[in-house]
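J.: Fold the following.
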Amino acid sequence: MASLAKDIDIRKFYDAIVSFEESEESQDYYYEVMDTPTGRKNKNGSDETVRDRILKAYGVLFCEDAGLEPGEKAGVQEVADTADRLYIGDAGYDPEHWYRMKYHFPVIDDDNYDRFAALVLADMNSGPLHEAALNDGETLVVGEADPLHMTPEQRKNQQVKSVSLPKEGAQ
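T.: You can find the predicted model right below:
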């Protein structure tokens, strides 16, 4: 067991997240890591865990879109609202490029939002996404949600903003 977050094998953590559904060992390791203290304190004075740190880091990625303050943890809604906007490399309708679909997260909810956030960050630090960025130049891109791979509930609940262009001669 890792005594502090700095002792965690990030690649092993990534592998545990990817094989979470198939292996009880992976689940145990995932929960062990997520509950590991970082040695820091949260704003409320409680000991910060890896879970807290991951949700804060995920929040930083989307603080403008989600309306989060720096250091504020992303919650279920923030992760669910942004998960469909992540794709690898080029945007398109190939489900292998839409991050959430590639890793089989059909629904983001209370049971898995922190695991999805952990997957994104672990992948960026040591997974295939990290390797692709180094070797192929492919990165994780934030784009528009992919409506072809959204569930009917997600399509119904998506927020759409209209944009109007100025008429000719107007600024």
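
J.: tell me how far stretch 10-25 is from the chain's mean position?
T.: 16 Å (Cα atoms, centre = their mean, to the nearest Å).

J.: Can you name the residues in contact with it?
T.: With Cβ atoms under 8 Å, 6 or more residues apart in numbering as the test, stretch 10-25 has contacts from 26-27, 29-30, 33, 103-104, 115, 118-119, 122-123, 125-127. All C-beta spots, glycine's among them, are computed from the backbone N, C-alpha and C.

J.: Looking at those, which are in helices?
T.: Applying DSSP state H to the contacts of stretch 10-25, the entries found in helices are 26-27, 29-30, 33, 115, 118-119, 122-123, 125-126.

J.: Among those, which one lies nearest to Glu72?
T.: Ala118 (17.3 Å; Cβ to Cβ).

J.: Test for you: state the pLDDT assigned to the closest residue to the closest one other than its chain neighbours.
T.: In space, and not counting its chain neighbours, Ala118 is closest to Ile54: 5.0 Å by Cβ to Cβ, 6 or more residues apart in numbering. Per-residue confidence (pLDDT) for Ile54: 94.

J.: switch to numbering from 17
T.: Done: numbering now begins at 17, and the last item shifts to Ile70.

J.: ok, now which ones touch the residue nearest the centre of the chain?
T.: Nearest to the mean C-alpha position of the chain, counting by Cα atoms, centre = their mean, stands Ala133 at 3.2 Å. Neighbouring residues of Ala133 by Cβ under 8 Å, 6+ apart: 70-71, 73-74, 90, 95.
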